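> Below are the sequence and a predicted model; questions follow.
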Amino acid sequence: MLNKIVWCSNCVSMSTRPRISFDKKGMCNACQWTLKKKKINWDVRINKLKKVLDVQKNKNNPFDCLVPVSGGKDGSYVSYRLKNDFGVKPLCVTVSPHLPLDIGEKNLNNFINAGYAHIKISPPHEAMRKLNRNGLEFMGFPYYGWLIAIHTAVIRTAINFDIKLIFYGEDGEVEYGGSTETNKNPFYDIQYQKKIYLEGGYEKVLNKTKLTKDEKYFFEFPKLSTTSKNLKFTHWSYFENWDPYRNYLFAKKYCGLVEQDATNSGTFTNFSQNDQALYALHTYLMYLKFGFGRANQDACIEVRRGAMDREQAVNLVKIYDGRFPDEYFDLYLDYYKLSKEKFINILKKWTNKKLFKYEKNKLIPKFIIK
Ligand SMILES: [Zn+2]
């Protein structure tokens with residue numbers, strides 16, 4: 001396997017990334033998409049968006065669509081554009097993450113104060129904690145319960161408010177490398193959410209976690225009745241050229257977004273994914289499973305938008321990737337109610353042995369990015 005690992009010839013994405021594909025020149029599908037985006041007639045897509053939104057505009061409902069937000073740059077950008085540039089009434093919804101960071105809470109409040117109708121959903125704490133814990137052990141996904149809820153609780157809210165359209169920000173698969181099945185179709189369904197976003201582990205983790213029927217409410221996909229079959233899911237990135245940095249500047253200007261003073265754990269940037277301490281563990285596990293971490297993920301975006309050359313990206317990956325978030329270690333043990341040994345064993349279980357070895361508990365990569 002090691003001699004088959006390649007990095008994209010343009011950015012630094014790795015061939016170990018799930019569902020990624022490369023062309024003959026060794027360019028990953030996210031970079032190919034960056035080139036394709038330059039040729040897309042975005043006016044056509046914006047007009048398509050207007051048509052989609054016109055269908056949703058409803059004088060009899062205070063809300064025309066739903067936007068999941070965290071107070072971060074992307075949901076803020078989408079909400080701002082919908083409300084101010086398209087005259088649409090979004091209902092913004094946040095599922096409270098566990099181990100929230102102060103900066104994330106501050107940003108969410110700033111966003112709400114900028115003038116958005118907003119609902120915060122906090123599913124039963126212990127239920128989500130157990131799902132997160134089992135997600136860590138059985139999926140290598142430290143906030144799996146929250147990941148479920150940002151789909152299921154959001155869908156329940158849309159149905160309860162008779163909203164027919166849910167707007168997510170970017171299609172990560174298309175933008176950052178992965179499945180390309182949605183780059184020609186703006187809408188997707190619950191099956192796609194389960195397969196791609198929940199990585200096919202939804203039933204497994206839910207079954208492993210003993211929850212009562214009531215506790216499960218926010219974590220179950222509702223059975224779609226005739227009316228809710230009309231519920232549509234889409235990504236803003238289908239309709240407009242997606243640029244995370246532009247979103248950041250926008251959210252800073254119009255929605256009160258503030259950055260962390262220091263760089264975020266495990267990377268060189270300070271302005272994204274600031275809402276929860278479990279995100280740093282998530283990207284560490286990503287590194288153990290696939291060999292690329294948070295800095296790699298951020299560097300790829302910078303290269304594709306032309307703000308960094310490949311050599312700089314390689315250097316930043318070498319400096320930052322794969323650093324364990326030590327500052328949260330005790331917090332994690334306490335939260336998951338795991339002993340140090342058990343927690344480390346779970347991390348080892350998820351370590352890709354073809355990519356890494358351990359020497360006296362020290363993680364040694366067998367590969368060097370090039
Ligand atoms: Zn690439």
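Nice, I can see it.
> Which residues does the strand or helix carrying residue 289 contact?
Element membership of residue 289 [criterion: DSSP states H and E] is helix 278-290. Under the contact criterion CB atoms under 8 Å, 6 or more residues apart in numbering, helix 278-290 has outside partners 14, 16-18, 97-99, 132, 136, 140-143, 146, 264-267, 273, 292-294, 297, 321-325, 328, 332, 347, 350-352, 355-356, 363. Placement of C-beta: from N, CA and C, glycine included.
> Filter those down to just the ones in strands.
Using DSSP state E, 356, 363 are the members of the contacts of helix 278-290 that sit in strands.
> so who does residue 153 touch?
Residues counted as contacts of residue 153 (CB under 8 Å, 6+ apart) are 93, 95, 121, 123, 218, 219.
> so it is in which element?
Using DSSP H and E, residue 153 maps to helix 144-160.
> how big is the angle separating that helix from helix 278-290?
On the basis of axes from the mean of the first three to the mean of the last three CA atoms, to 10 degrees, helix 144-160 is oriented at 120 degrees to helix 278-290.
> Return the distance of helix 144-160 from the chain's centre.
Centroid separation for helix 144-160 versus its chain: 14 Å, with CA atoms, centre = their mean, to the nearest Å.
> Name the residues of stretch 16-34 that are buried.
Buried residues in stretch 16-34, counted by 16 or more other CB atoms under 10 Å: 16, 17, 20, 22, 27, 28, 29, 30, 31, 32, 33, 34.
> List the contacts of it.
By CB under 8 Å, 6+ apart, the surrounding residues in contact with stretch 16-34 are 5-6, 8-11, 13-15, 173-180, 183, 196, 199, 290-292, 300, 304, 352, 355.
> Skipping its backbone neighbours, what lies nearest the residue nearest in space to the middle of the chain in space?
Nearest residue to the geometric centre of the chain (CA atoms, centre = their mean): residue 172, 7.3 Å. Distances taken as CB to CB, 6 or more residues apart in numbering put residue 178 closest to residue 172, at 6.7 Å, once the chain neighbours are dropped.
> Number of residues surrounding that neighbour?
21 (other CB atoms under 10 Å).
> That one contacts residue 170, correct?
No - checked against CB atoms under 8 Å, the pair residue 178 and residue 170 is beyond contact range at 11.6 Å.
> Quick one: name the residues of the stretch 1-150 of the chain near the ion.
Taking CB under 5 Å from the ion, the part of the stretch 1-150 of the chain that reaches the ion is made up of 8, 10, 11, 13, 28, 31.
> Run through the bridge partners of the fifth one.
In other words, residue 28. Going by DSSP bridges, residue 28 is paired in beta bridges with residue 22.
> returning to that earlier point: can I take it that the residue nearest to residue 172 is in a helix?
No - read with DSSP: H, G, I helix; E, B strand; the rest coil, residue 178 is coil and lies in no helix.
> Just the pLDDT for residue 197.
With respect to pLDDT, residue 197 has a value of 85.
> List the contacts of the nearest residue to it once chain neighbours are set aside.
In this structure, residue 197 finds its nearest non-sequential neighbour in residue 151, 6.6 Å apart by CB to CB, 6+ apart. By CB under 8 Å, 6+ apart, the contact set of residue 151 is 190, 193, 197, 198, 221.
> Which element, helix or strand, includes the residue in the stretch 201-350 of the chain positioned nearest to the ion?
Here the residue of the stretch 201-350 of the chain nearest the ion is residue 300; by CB to the ion that distance is 6.3 Å. If you go by DSSP H and E, residue 300 is part of helix 294-304.
> Also residue 25?
Here residue 25 is assigned to no helix or strand, by DSSP H and E.
> next one: phi and psi at residue 94?
phi -120, psi 130 (degrees, to the nearest 10).
> what does residue 267 give?
Dihedral angles for residue 267 - degrees, to the nearest 10 - are phi -150, psi 180.
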